[in-house]
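S.K.: dropping a prediction and its sequence here:
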There are 2 protein chains.
Amino acid sequence: MRIIPTYLATIYNPEQKMSLPLENDFIPHLAFDSVIFGFSGEKLKILLMEYHNTAWLALPGGFVGKNENLNDAVRRGLQERTGLDKIYLEQFYTFGDLARFKPEIMQTILAANGHQVAAENWMLDRFVSVAYYALINYHEVEPKPDALSDSIAWYDVDALPELILDHSEIVKKALETLKSNIDRKLVSMNLLPPRFTIKELQQVYEAILGEKLRRTTFQRKILSLDILERHEKLYSGKSHKAPFLYSFKGNQMGN
Amino acid sequence: MRIIPTYLATIYNPEQKMSLPLENDFIPHLAFDSVIFGFSGEKLKILLMEYHNTAWLALPGGFVGKNENLNDAVRRGLQERTGLDKIYLEQFYTFGDLARFKPEIMQTILAANGHQVAAENWMLDRFVSVAYYALINYHEVEPKPDALSDSIAWYDVDALPELILDHSEIVKKALETLKSNIDRKLVSMNLLPPRFTIKELQQVYEAILGEKLRRTTFQRKILSLDILERHEKLYSGKSHKAPFLYSFKGNQMGN
DNA sequence: ACAAAAGTGTTACGGTTACACCCATGC
DNA sequence: GCATGGGTGTAACCGTAACACTTTTGT
């Protein structure tokens, strides 16, 4: 027999219908949303979930257990969606406007999942949401949808579809924060595989900053920081000079 | 007869004992704390409250009305403490660790105010707190204590006493944020009177950054930003050249 | 040999530093 | 005049920009 931890937002239901998070397990009125960034090799992307039978897109999020640190709740949520354990994670803003309170939306999502809930159900209450962004290695991850959604997939940040509630605003603010942190923290290391070329690193910078950088200047600036270790060359089979592979020195976690 | 708005945390009580915030008016488990900075002319200071009969110091804070935007709740709290209306305000972090849940502390505070509350009282619950910092003009303000505290006063940030719960950590993070924002946003203008000397402005910078700056370099850097307007000289009666007074150009609010 | 991309050398430019000097003020 | 602190001129210094050039790779 399998023991299911209280923290898990979903529990087994023999009628195939996923059961809902239980009111008594979570802090009411408080949620989190995470903007999970990955870099495909060319483009900066985020993970979005699509709710069953609605075509609505939303950020992955969740609730905070009554006996759980806020930060731990978010890590748990990320673990469930990505399978990853040690993730670069940063809280950036808490959204608490009344305008984000639209119970009809959650009611429709629940109804599309076969749940008719009473108007007083806690999931239809007003929620204040603490937003985090995470940086993960795109190629290491197979995202898993949650109980209410049938897919979770990558979307280009520079061509995002419409999202529910204020989630577009949340992404926008995440990008701004990421941008302003790109130099202060070694943010980009969390988006790249262990070994990468300077060109790839530059592409991460360009995707985050939203502008082209000068090749030679970038190379020298990065190398002068003395945070990269040079390894063997990467032969791509293309008819030009092979670039060196680099890794970040030490086991810094980018803070 | 005086009408008392639902939002006000305290209502009149004929037995002199202040009555408590009402459970049904506020979002449970959610609070805010504000780190209110002022500059005395020499030192950077924050406002702290001392609870009745406990000698405990804490940041001014409050709860969020059920029909109130989070940001509005904080502005309301600031208005009540400082009397000021248009305040530079920035959210910087949400504190949600279980470690900050210490019901005995709130119970003691309430008891010292003559309230015996049941163990299930909502004010003794776990709270997640959204923290803001505010920048105000020290000389324009006469802080007012709230219902539970008998004083509110300025304390030097570089010599803070012990605070309750995780409030020291909150102040620390506020200072870090302020420091990293000092150049990106025109933060300092909110801490100075309308007209000030460059020396005063430099002192604000030094207080925030925690280091001495070079006089001539600072002067030129600031002037080269082209954000200051020069006015008449300030004669101090001292036996040396009188410095010019400056003001910030336009009516920028420092974002 | 050629094209394409990586890597490096050289000079120019712009902002910051360091230090000197001059200016204004009250005693 | 003198001490004190404000304001400015100047040359050195340093990081970035601009551009040219060399090197490496596969066809």
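M.R.: In hand now; what should we look at? Numbering: from 1, shown residues only, chains lettered A, B, ... in the order given.
S.K.: burial measure for the residue in the stretch 101-250 of chain A positioned nearest to chain B, as a count.
M.R.: Relative to chain B, the nearest point of the stretch 101-250 of chain A is A:Val130 (4.9 Å; C-beta to the nearest C-beta). Placement of C-beta: from N, CA and C, glycine included. By other C-beta atoms under 10 Å in any protein chain shown, the residues close to A:Val130 number 26.
S.K.: surely it forms part of a helix?
M.R.: No. Counting by DSSP: H, G, I helix; E, B strand; the rest coil, A:Val130 falls outside a helix, being strand.
S.K.: in the sheet, who's paired with it?
M.R.: A:Phe32, A:Thr94 (DSSP bridges).
S.K.: wait, doesn't A:Leu59 sit right on A:Phe37?
M.R.: No. Using C-beta atoms under 8 Å, A:Leu59 is not in contact with A:Phe37; the gap is 11.7 Å.
S.K.: need the overlap of contacts for those two.
M.R.: Counting by C-beta atoms under 8 Å, 6 or more residues apart in numbering or on different chains, the shared contacts of A:Leu59 and A:Phe37 are A:Ile46.
S.K.: determine how far the helix or strand encompassing A:Lys179 lies from the middle of the whole chain.
M.R.: Using DSSP states H and E, A:Lys179 sits within helix A:167-181. On the basis of C-alpha atoms, centre = their mean, to the nearest Å, helix A:167-181 sits 12 Å off its chain's mean C-alpha point.
S.K.: the helix or strand following it and chain B, are they touching?
M.R.: The helix or strand immediately downstream of helix A:167-181 is helix A:198-209, counting by DSSP H and E. No. Applying C-beta under 8 Å from any C-beta of the partner chain, one finds helix A:198-209 out of contact with chain B, separated by at least 15.0 Å.
S.K.: how about A:Gly38: what's its closest non-neighbour residue?
M.R.: A:Tyr138 (3.4 Å; C-beta to C-beta, 6 or more residues apart in numbering or on different chains).
S.K.: so what's the one you found up against?
M.R.: A:Gly38, A:Phe39, A:Ser40, A:Gly41, A:Lys45, A:Trp154, A:Leu191.
S.K.: quick check: the gap between A:Ala131 and A:Trp56.
M.R.: 18 Å (C-beta to C-beta, to the nearest Å).
S.K.: who has more neighbours out of the two?
M.R.: A:Ala131 (27 against 20).
S.K.: quick one: contacts for that one?
M.R.: A:Phe32, A:Asp33, A:Ser34, A:Val35, A:Gln91, A:Phe92, A:Tyr93, A:Thr94, A:Phe95, A:Ile170, A:Lys173, A:Ala174 are the contacts of A:Ala131 under C-beta under 8 Å, 6+ apart.
S.K.: the third one contacts A:Leu59, doesn't it?
M.R.: Meaning A:Ser34. Yes. Shown here, A:Ser34 and A:Leu59 form a contact pair, counting by C-beta under 8 Å, at 6.4 Å.
S.K.: can you pull the contacts of the spatially closest residue to A:Tyr205 that is not a sequence neighbour?
M.R.: Of all residues not flanking A:Tyr205 in the chain, A:Leu213 sits nearest, at 6.0 Å (C-beta to C-beta, 6+ apart). Contacts for A:Leu213 (C-beta under 8 Å, 6+ apart) come out as A:Gln202, A:Tyr205, A:Glu206.
S.K.: count the residues that sit near the last one.
M.R.: In other words, A:Glu206. 14.
S.K.: quick check: pLDDT value at the one residue in chain A that gets nearest to DNA strand C.
M.R.: For chain A, the residue closest to DNA strand C is A:His240, as judged by C-beta to the nearest atom of the strand, at 2.9 Å. Confidence at A:His240, expressed as pLDDT, is 86.
S.K.: how close does it sit to A:Lys212?
M.R.: For A:His240, the distance to A:Lys212 - C-beta to C-beta - is 20 Å.
S.K.: please apply the same query to A:Ala112.
M.R.: The value you get for A:Ala112 to A:Lys212, if C-beta to C-beta is used, is 43 Å.
S.K.: and if you look at A:Phe63?
M.R.: 41 Å.
S.K.: out of those two, which sits in the more crowded spot?
M.R.: A:Phe63 (24 against 10).
S.K.: list the residues that contact that one.
M.R.: A:Phe63 makes contacts with A:Ala9, A:Pro21, A:Asp25, A:Phe26, A:Ile27, A:Leu30, A:Ala31, A:Phe32, A:Ala73, as judged by C-beta under 8 Å, 6+ apart.
S.K.: grab the nearest non-local neighbour of it.
M.R.: With C-beta to C-beta, 6+ apart, the residue lying closest to A:Phe63 is A:Phe26, at 3.9 Å.
S.K.: could you report the neighbour count for the one you found?
M.R.: So A:Phe26, with other C-beta under 10 Å, has 22 neighbours.
S.K.: thought it was touching A:Leu70?
M.R.: No. Look at A:Phe26 against A:Leu70 with C-beta under 8 Å: they stay out of range, at 11.8 Å.
S.K.: what's the overlap in contacts for the two?
M.R.: With C-beta under 8 Å, 6+ apart, A:Phe26 and A:Leu70 have common neighbours A:Val64.
S.K.: which ones are touching A:Ser34?
M.R.: A:Leu59, A:Pro60, A:Gly61, A:Val74, A:Gly77, A:Leu78, A:Leu89, A:Ala131, A:Tyr132, A:Tyr133, A:Ala134.
S.K.: restricted to strands, list those residues.
M.R.: Using DSSP state E, the subset of the contacts of A:Ser34 located in strands is A:Gly61, A:Leu89, A:Ala131, A:Tyr132, A:Tyr133, A:Ala134.
S.K.: for the closest residue to the second one other than its chain neighbours, grab the count of nearby residues.
M.R.: Of all residues not flanking A:Leu89 in the chain, A:Ala134 sits nearest, at 5.0 Å (C-beta to C-beta, 6+ apart). Neighbour count for A:Ala134, taken as other C-beta under 10 Å: 25.
S.K.: which parts of the stretch 1-150 of chain A are strands?
M.R.: A:26-39, A:44-51, A:57-58, A:61-65, A:88-95, A:128-135, A:149-156 (DSSP state E, counting those that start in this stretch).
S.K.: mean pLDDT lowest for which of the ones you listed?
M.R.: The bottom spot among those, by mean pLDDT, belongs to strand A:149-156, with a mean of 90.
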